[in-house]
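> following is a predicted model, sequence given first.
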Number of protein chains: 2
Amino acid sequence: MSTLYGGIEAGGSKFVCAVATSLGNLQAETQFPTTTPAETISRAIAFFKKQQEQEPIAAIGIASFGPVDLDPASPTFGHITTTPKPGWAHTDFVGTIQRALGIPASLDTDVNMSALGEHRWGAAQGLDSFIYLTVGTGIGGGGLVNGQLMHGLIHPEMGHIRIPHDWKTDPYPGFCPYHGDCLEGLAAAPALELRWGQSPETLPADHPAWSLEAHYLAIGLANFICTLSPQRIIIGGGIMEQPQLLPLVRGNVQRLLNSYMQSPSILEEIDNYIVLPSLGKWSGVLGAIALAYQLGR
Amino acid sequence: MSTLYGGIEAGGSKFVCAVATSLGNLQAETQFPTTTPAETISRAIAFFKKQQEQEPIAAIGIASFGPVDLDPASPTFGHITTTPKPGWAHTDFVGTIQRALGIPASLDTDVNMSALGEHRWGAAQGLDSFIYLTVGTGIGGGGLVNGQLMHGLIHPEMGHIRIPHDWKTDPYPGFCPYHGDCLEGLAAAPALELRWGQSPETLPADHPAWSLEAHYLAIGLANFICTLSPQRIIIGGGIMEQPQLLPLVRGNVQRLLNSYMQSPSILEEIDNYIVLPSLGKWSGVLGAIALAYQLGR
């Protein structure tokens, strides 16, 4: 009997729960849609209780959509705070899990956890400063700087940067309820759906949607490069499953930076600088398991 | 006789050289215009040689305009690399100083050094993640994340992020030779001079130049907040000497973030969140002295 570690990836549309060994070998896994906090968190608890009947779980890590309170000194540590997602604002995620399972739990943003997963087992091994970005129903970013997860005042909300928006070529106003045409408002999946009147998966590879999408994402990435100087950018999420998109993004980033950043990583090796997650869809829940390992070992 | 530490703040228009004790007490200081690399670096060397005749200097720290090579493993470590400043590209700054004075030297960006000075003796004491931004002949940013200076792949070049530019209200195209209307191209001192046809210091406090300037700077700051989640932003440089500007910037940042970041620091205490450097014009050279102390103690 070996000690296991539990991870929850709490996404806007689905939850992934898994238990794994300290080496990241998955022992069990389940997925279900994100509905109300009560129903969804109960299903997660039921999954882990069933696992606990067989083997002890040392701790649970949670990779959550945000914004979340990551300040250990705050009375609302581990709560989801102001999310526009109906019903989820002010949910005590960590407390509910801890009380139900009787083991320590901790939480960080979904993107920080994907970054941690990629750092431990994936495309960011050995790096001390890199970004993990996801482009799906929203856009979020996290990562490590100087070897530690990015927190600061709260945590990054990279999807909400303002970028140039040419209203003449793209009259779509953006959907972000807080900022309208921020990066997320212009380039997350709902923007594609609303701008083109069809779901992104049904847009053909040569549709002009993709060059516009690559343009917006590249402005975001170029801005993150100027601001943070990451050693690598890992970019995942449902939108990036379009294989034609990543090469367009890389080319646009080089064009936008215009050789100002004199690094071979950007000038010559961009295919190795802007990359897909090597853990694929598993980086989030594996990162949560890595967090549980830090907590429970 | 006490051991002294030397600092050089190498700015685009002037050099400041100083020696100080390990407590940051200045013992001697000089300033002169930035001309050619040979002439300007020689004047700095002459200043420190004169000081060395009286007391030993343990090390020299350099706060340099950029881009600079900060990779200790690189054959061009301590060189200025691709600056558009005439004559200065590919200058071996650290090597020249070390060889002439026979003591260790190191170098970091001017903004990282101002951040280090403010961290040691100024407005960022006790913080582990904050930004120092300067708005003058250029716009640059640096800081600490997780308690260490920001480096990553090269170092941040925060002035070069792309921001929304409303060509209808502001037809000025921006002056950045690499990116045109990036933040620096639209909001550094030359942009004000070229847009309004007069030097920024001569523009009256109620001139529309200042609300436009506050608008651009606030977009930059809001983007840095979304990307880095700093615990504080320190903003200095010649343009910030206009006393009407900082309150306008703070108000615009709050309006742009639109309460998305649920932190009292931003919602309620922004006067203490976006601040001027408390070391004033001395943060850069004092930061260079703090770097020399790390190197030579």
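On my side now, so go ahead. Fair warning: this is a prediction, and the values are worked out from it, not measured in the lab.

> which parts of the stretch 51-200 of chain A sit against chain B?
Proximity of the stretch 51-200 of chain A to chain B, by C-beta under 8 Å from any C-beta of the partner chain, involves residues A:67, A:81-82, A:129, A:141, A:145-148, A:150-165, A:178-179. All C-beta spots, glycine's among them, are computed from the backbone N, C-alpha and C.

> may I see the PyMOL selection of the buried members of the residues you listed?
PyMOL command restricting those to the buried ones, with burial defined by 16 or more other C-beta atoms under 10 Å in any protein chain shown:
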select buried, chain A and resi 67+81+82+129+141+145+146+148+150+151+152+153+154+155+156+157+158+159+160+161+162+163+164+165+178+179
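
> list the beta-bridge partners for residue A:134.
residue A:140, residue A:236 (DSSP bridges).

> scratch that, residue A:28
Beta-bridge pairing of residue A:28 under DSSP bridges involves residue A:19.

> could you report the neighbour count for it?
By other C-beta atoms under 10 Å in any protein chain shown, 16 other residues sit near residue A:28.

> what do you get for the one 3 residues further on?
By the measure other C-beta under 10 Å, the count of residues near residue A:31 is 14.

> ok, and the closest non-adjacent residue to it?
Closest residue to residue A:31 apart from its sequence neighbours, by C-beta to C-beta, 6 or more residues apart in numbering or on different chains: residue A:16 at 5.0 Å.

> pretty sure the one you found sits in a helix.
No - with DSSP: H, G, I helix; E, B strand; the rest coil as the criterion, residue A:16 is located in strand rather than a helix.

> now it: how far from residue A:284?
Taking C-beta to C-beta, to the nearest Å as the measure, residue A:16 falls 7 Å from residue A:284.

> which one's more surrounded, the two?
Set residue A:16 next to residue A:284 and count neighbours by other C-beta under 10 Å: residue A:284 wins out with 31 against 21.

> grab the nearest non-local neighbour of that one.
Computed as C-beta to C-beta, 6+ apart, the closest residue to residue A:284 that is not its neighbour in sequence is residue A:9, at 3.8 Å.

> elements contacting whatever helix or strand residue A:195 lives in?
For residue A:195, the element it lies in under DSSP states H and E is helix A:189-196. Counting contacts by 3 or more C-beta pairs under 8 Å, 6 or more residues apart in numbering or on different chains; DSSP states H and E, helix A:189-196 packs against helix A:208-228.

> tabulate the CA atom coordinates of the helix it packs on in PDB.
Only the C-alpha atoms of helix A:208-228 are listed here, as PDB (Å, rounded to 0.1, in the frame of the first residue of the first chain):
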ATOM      1  CA  PRO A 208      -9.900  34.100 -41.600                       C
ATOM      2  CA  ALA A 209     -11.000  33.500 -37.900                       C
ATOM      3  CA  TRP A 210      -7.600  31.800 -37.300                       C
ATOM      4  CA  SER A 211      -5.300  34.500 -38.600                       C
ATOM      5  CA  LEU A 212      -7.200  37.100 -36.500                       C
ATOM      6  CA  GLU A 213      -7.000  34.700 -33.500                       C
ATOM      7  CA  ALA A 214      -3.300  34.200 -34.000                       C
ATOM      8  CA  HIS A 215      -2.900  38.000 -34.300                       C
ATOM      9  CA  TYR A 216      -4.600  38.700 -30.900                       C
ATOM     10  CA  LEU A 217      -2.900  35.800 -29.200                       C
ATOM     11  CA  ALA A 218       0.500  36.900 -30.500                       C
ATOM     12  CA  ILE A 219       0.000  40.400 -29.200                       C
ATOM     13  CA  GLY A 220      -0.700  38.900 -25.800                       C
ATOM     14  CA  LEU A 221       2.300  36.700 -25.900                       C
ATOM     15  CA  ALA A 222       4.600  39.500 -27.100                       C
ATOM     16  CA  ASN A 223       3.300  41.600 -24.200                       C
ATOM     17  CA  PHE A 224       4.000  38.800 -21.700                       C
ATOM     18  CA  ILE A 225       7.500  38.400 -23.200                       C
ATOM     19  CA  CYS A 226       8.200  42.200 -22.800                       C
ATOM     20  CA  THR A 227       6.800  42.200 -19.200                       C
ATOM     21  CA  LEU A 228       8.200  38.900 -17.800                       C
END
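
> ranges for the strands of chain A?
Under the criterion DSSP state E, chain A contains strands at A:4-10, A:14-20, A:26-33, A:57-64, A:79-80, A:91-92, A:105-109, A:130-135, A:139-145, A:148-149, A:233-236, A:274-275.

> reformat those as CSV; add mean pLDDT and distance to residue A:247.
Shown next, in CSV, are the strands of chain A (pLDDT from 0 to 100; distance: least, C-beta to C-beta, whole Å):
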stretch, mean pLDDT, distance to residue A:247
strand A:4-10, 97, 28
strand A:14-20, 97, 28
strand A:26-33, 97, 30
strand A:57-64, 97, 28
strand A:79-80, 94, 36
strand A:91-92, 95, 39
strand A:105-109, 96, 28
strand A:130-135, 98, 15
strand A:139-145, 97, 19
strand A:148-149, 97, 30
strand A:233-236, 98, 12
strand A:274-275, 98, 10
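
> common neighbours of residue A:16 and residue A:284, please.
The contact sets of residue A:16 and residue A:284 overlap at residue A:9 (C-beta atoms under 8 Å, 6 or more residues apart in numbering or on different chains).

> ok, the closest residue to residue A:240 other than its chain neighbours - contacts?
Counting by C-beta to C-beta, 6+ apart, residue A:240 lies nearest to residue A:135, which is 5.7 Å off, once chain neighbours are set aside. In this structure, residue A:135 makes contact with A:187, A:188, A:189, A:217, A:235, A:236, A:237, A:238, A:239, A:240, judged by C-beta under 8 Å, 6+ apart.
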